[in-house]
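[1] show me how the following folds:
(3 chains)
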Amino acid sequence: MYNAGKIIIGIVIFLALITAPFWYNLGRPSAPPKLEIGTQEKQCVESKAFMQAKHMVLLDQWRDEVVRDGKRIYVNSTGKQFNMSLQNTCTKCHSSKTKFCDRCHTYLNVAPNCWDCHIAPKEQEKLAGRSDK
Amino acid sequence: MLEKALRGNKSYFAWIGFLLILVGMGFGFYLRQLGFGLGITGMSRDVSWGLYIGQFTFLVGVAASAVMLVLPYYLHNYKVFGKITILGEFLAVAAVTMCLSFIVVDLGRPDRAFNVLLYPTPNSVLFWDMVVLNGYLFLNIFVGWTVLESEAKSVPPPKWIKPFIYLSIPWAVSIHTVTAFLYAGLPGRGFWLSAIMAPRFLGSAFAAGPALLILICLFLRKYTKFDAGWEAIQSLAKIVTYAMIISVFFVLCELFTVFYSQIPEHMYHFLYLFVGLHGHSGLVPWMWASTVLAAIALIIMINPKTRNSPGTLAIGCAAVFFSLWIEKGITLVITGYIPSPLETITEYHATLPEIGIVIGVWALGFLIMSVLYKVALSVKAESA
Amino acid sequence: MDDTRRSFLKIAGLSMLGFGAKPVVDAVAGTGDPKFEKDSKAFNGKRWAMVVDQQKCLKAKEGCKDCVTACNSAHNIPEFNNPKDEIKWIWQTSFEHAFPGQENPYLDEYIKKSLKGLPFMVLCNHCDNPPCVRVCPVQATFRRPDGIVVMDYHRCIGCRFCMAACPYGARNLNWRDPRPFIKKENPEYPTRTRGVVEKCNFCSELLAVGKMPACVDACKDKALVFGDLEDPNSEVRELLRSRPTIQRKPQLGTRPQIYYIL
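    Sure, this is the predicted structure:
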């Protein structure tokens, strides 16, 4: 093999790079976080399974219906009506962004930018008085 | 072939290193802009496009000018341009890359840039500009590389490349026409609302681009073994001369219509530009510098004696280039916003980070150009 | 050998197609049958428009800015106190800035005497033929069937082509993060993120729940009149019938829908 030394170093660097995500996540918590739903309400706008898997799809759908079609009422599969608003409907029940949205999003390392514009609910917590600004 | 860019003498690597430092500096400033927002620039509610879009507009012209080599060489079989056509094509590649970079740094939300593809909107000129610029970039890389590769293998270029070459000719005209249409179709901006905008853009493009190429050829002749050939340089010089005359003529047409008709919303912009308006005269020195440079350029380029001597030709071409750089890179965009549609005056002053980013993008362009030219000239040196 | 490879590729290709189709099927089947509707309280105009009765806007001389303040707090508009970053949806300006090219010394005299030199209220004209919509490369700004020209802040890329196209200077970019400059957040309406364009939306969020625009509601002198042009009995139609009105830059063919009574 010509240039064996260089090739082997190259392969090592390549392997190190493609396995980097595994090294990066080594030692991080692997158990899913506990979410505080923040409400006594038994039923979300759709089933729990659906919301867990598809809430982002639903929110995008809501966004487009409200902004682009001017429709603001969502009638779910059981016929119940909701005002389609992250800021004024979702957070009325899910009153803690940090203990609900953020915990799971941080765990999964996703960073949706909803809260850049939408105003997060005021948290009761006295923790250092930090808001989300 | 790209490996040829990795071999060179000390001054070549010093130049590349210098450009990399500038690119890095520009990128540093860009990170600051990403963190703070476009408020870090001198742009404002009233003057909402500035140096970035100005540079973009100017460089579209430089890119389009490759056609001034491609057309005579491939369509009229003008052999004299044989050696430098590739330089024109690779200059276009570098210039279009700069254009696209300037668009990206100008976006308020660059993370959403791909929305232009997700929601294609044929009624928006910007959509078409995106299409023609990317198409032109592809055409020039593709044609330039393929032809150069054949040269490296000492075989004639493949036949199937011809349609792409012919396509690149009207395509070059389209990039600058569409860019002019960005401005020329806006109802409330008297400064830009002119049917001559696209021809004017093309005129200035075919002067500024070849002028830059002449400067590059003169430099290469003096400091490297590559000689474009004096006849080729002279032919380019004639193209620059005619294009510059036409470009100045178009501006004079504009001035006549505006000042003879005396329609205020068209006239105020030109008054602001040339003499100042209501005590605001931020662009007056720039405009007169451009005018004086244009006059010097015309004198040198029209006179055969001065055009034929390398020293004065270089001065003439530099004058052409900087005159048009001021006209399109600075005054054309900014003056469109002054006065505003409400006839108020907000002046524009570029900020340090903004200028840093502009220098960074230019350095990126020069870097691409240097690397591509290095490859092209190495191939030519070997096959000669 | 070749044959098996070909059939393998075929099957592989088909199964890839299946993967692509799965989310679509899921999206349709998974949600049951949800529906999207308008609020029953919503105002349903066919062509919204506004008449600004400058003769009634009398307190402006004493510094009244009720409409501007109401708009700013309803829409979480930041206050930068500098013209460079400034964001304004509705604001006051003088006649020669609102109607450039239409001023003359005698009209000036009229405005000084009969209108007491009042400032003019300017805002987005919600044009019937809006240049901003024409130029937007991503349809982030668009005209609704009821005539309101709105922004989709989720989609805007911040190219500012619309700001160049608007002949009324009605559009604003968020040059920097607006949040620290919002005096008091209205939890009913979102803020914006830096890098997107915004402008007056005729309070489409209020119309949707059966409320009048904030500026109209805030004006105690009823100088701002809002209504449906397609309804011949509406107040705006009555005003347009009985009083002469002018529009800003009608010669540009944008068909602006804010009418002014001098």
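[2] contacts, neighbours, all on C-alpha from now
    OK.
[3] hang on, B:W128 packs against B:P120?
    No - using CA atoms under 8 Å, B:W128 makes no contact with B:P120, being 9.4 Å away.
[4] of the two, give the one with the bigger neighbour count.
    B:W128 (21 against 15; other CA atoms under 10 Å in any protein chain shown).
[5] check which residues of the helix or strand hosting that one are buried.
    Assigned by DSSP states H and E, B:W128 belongs to helix B:125-152. If you call a residue buried by 16 or more other CA atoms under 10 Å in any protein chain shown, then helix B:125-152 has these buried ones: B:125-130, B:132-133, B:136-137, B:139-145, B:147-149, B:151-152.
[6] quick one: residues contacting B:A207.
    B:S65, B:I239, B:V240, B:T241, B:Y242, B:A243, B:M244, B:S247, B:V320, B:F321 (CA atoms under 8 Å, 6 or more residues apart in numbering or on different chains).
[7] could you pull out the helices for the chain?
    I went with chain A, as the question did not name one. A:4-18, A:20-25, A:48-69, A:91-93, A:103-108 (DSSP state H).
[8] ah, no, chain C please
    Here chain C has its helices, by DSSP H, at C:2-30, C:66-74, C:95-98, C:105-113, C:131-135, C:161-165, C:204-207, C:214-218, C:235-242.
[9] in terms of mean pLDDT, which of these ranks lowest?
    Mean pLDDT per stretch puts helix C:2-30 lowest among the helices of chain C, at a mean of 57.
[10] would you map out the domains in chain B?
    When chain B is parsed with automatic domain parsing, its domains come out as B:1-188+B:349-384, B:237-340.
[11] just the endpoints, please. Distance across the last one?
    What it means is domain B:237-340. With CA to CA, to the nearest Å as the measure, the ends of domain B:237-340 fall 40 Å from one another.
[12] next, name the residue at the spatial heart of chain B.
    B:L59 (2.1 Å; CA atoms, centre = their mean).
[13] surely it touches B:L100?
    No - using CA under 8 Å as the test, B:L59 is too far from B:L100 to be in contact (9.8 Å).
[14] now do residue 65: how many residues are near it, please.
    With no chain named, the answer covers chain A. Residues lying near A:E65 (other CA under 10 Å) number 19.
[15] that's the wrong chain, I wanted chain C
    17.
[16] again, but for B:V251
    Neighbour count for B:V251, taken as other CA under 10 Å: 14.
[17] how far away is it from B:Y242?
    On the measure of CA to CA, B:V251 and B:Y242 end up 14 Å apart.
[18] how many residues are close by the closest residue to chain B within chain A?
    Chain B sits closest to A:N113 of chain A, with a gap of 11.6 Å, by CA to the nearest CA. If you count neighbours by other CA under 10 Å, A:N113 ends up with 10.
[19] correct me, but B:L271 touches B:H278?
    No - with contacts counted by CA under 8 Å, B:L271 stays clear of B:H278, the gap being 9.8 Å.
[20] neighbour count for those two, which is higher?
    Taking other CA under 10 Å, B:L271 and B:H278 do not tie; B:L271 has more neighbours (17 against 10).
[21] what residue ranges in the chain score low on pLDDT?
    Let's take chain A. A:1, A:29, A:124-133 (pLDDT under 70).
[22] meant chain B actually
    Along chain B, segments meeting pLDDT under 70 span B:384.
[23] quick one, what contacts the residue nearest to the spatial centre of chain A?
    Taking CA atoms, centre = their mean as the criterion, A:H105 is the residue nearest the geometric centre of chain A, at 4.0 Å. Contacts for A:H105 were tallied using CA under 8 Å, 6+ apart; they are A:A111.
[24] what's the answer for C:A98, then?
    C:A98 touches B:L342, C:F120, C:V122, C:R248, counting by CA under 8 Å, 6+ apart.
[25] could I get those as CSV with neighbour count and distance to chain A?
    Output for the contacts of C:A98, formatted as CSV (neighbours: other CA atoms under 10 Å in any protein chain shown; distance: CA to the nearest CA, whole Å):
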residue, neighbour count, distance to chain A
B:L342, 22, 30
C:F120, 21, 30
C:V122, 22, 24
C:R248, 21, 27
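[26] and for the residue nearest to B:L38 when sequence neighbours are not counted, the neighbour number?
    Spatial nearest neighbour of B:L38, chain neighbours left out: C:W175 (5.0 Å); criterion: CA to CA, 6 or more residues apart in numbering or on different chains. For C:W175, the neighbour count with other CA under 10 Å is 27.
[27] before we move on, what about the one 5 residues further on?
    By the criterion of other CA under 10 Å, C:P180 has 11 neighbours.
[28] how much space separates it from chain A?
    7 Å (CA to the nearest CA, to the nearest Å).
[29] can I assume B:R189 is in contact with B:Y337?
    Yes - between B:R189 and B:Y337 there is a contact under CA under 8 Å: 7.4 Å.
[30] pull the contacting residues for residue 88.
    Here I'm looking at chain A. Residues near A:N88 by CA under 8 Å, 6+ apart: C:P187, C:E188.
[31] wait, chain C
    Residues counted as contacts of C:K88 (CA under 8 Å, 6+ apart) are C:N72, C:I77, C:A170, C:N172, C:K199.
[32] and the next helix or strand past whichever strand or helix holds B:G88?
    Counting by DSSP H and E, the element that carries B:G88 is helix B:85-106. Downstream of helix B:85-106, the first helix or strand assigned by DSSP H and E is helix B:115-118.
[33] so which bits of that following helix are buried?
    Residues of helix B:115-118 classed as buried: B:N115, B:V116 (neighbour count, 16+ other CA under 10 Å).
[34] can you check stretch B:286-302 too?
    If you call a residue buried by 16+ other CA under 10 Å, then stretch B:286-302 has these buried ones: B:286-291, B:293-298, B:300-302.
[35] could you do stretch C:227-246 as well?
    Within stretch C:227-246, the residues scored as buried using 16+ other CA under 10 Å are C:G227, C:D228, C:L229, C:E235, C:V236, C:R237, C:L239, C:L240, C:T245.
[36] quick one: terminal-to-terminal distance for that stretch?
    End-to-end for stretch C:227-246, by CA to CA: 17 Å.
[37] what's the offset of it from the middle of its chain?
    Computed by CA atoms, centre = their mean, to the nearest Å, the separation of stretch C:227-246 from the middle of its chain amounts to 21 Å.
[38] farthest pair in the buried residues of stretch B:286-302?
    B:W286 and B:I302 (23.9 Å; CA to CA).
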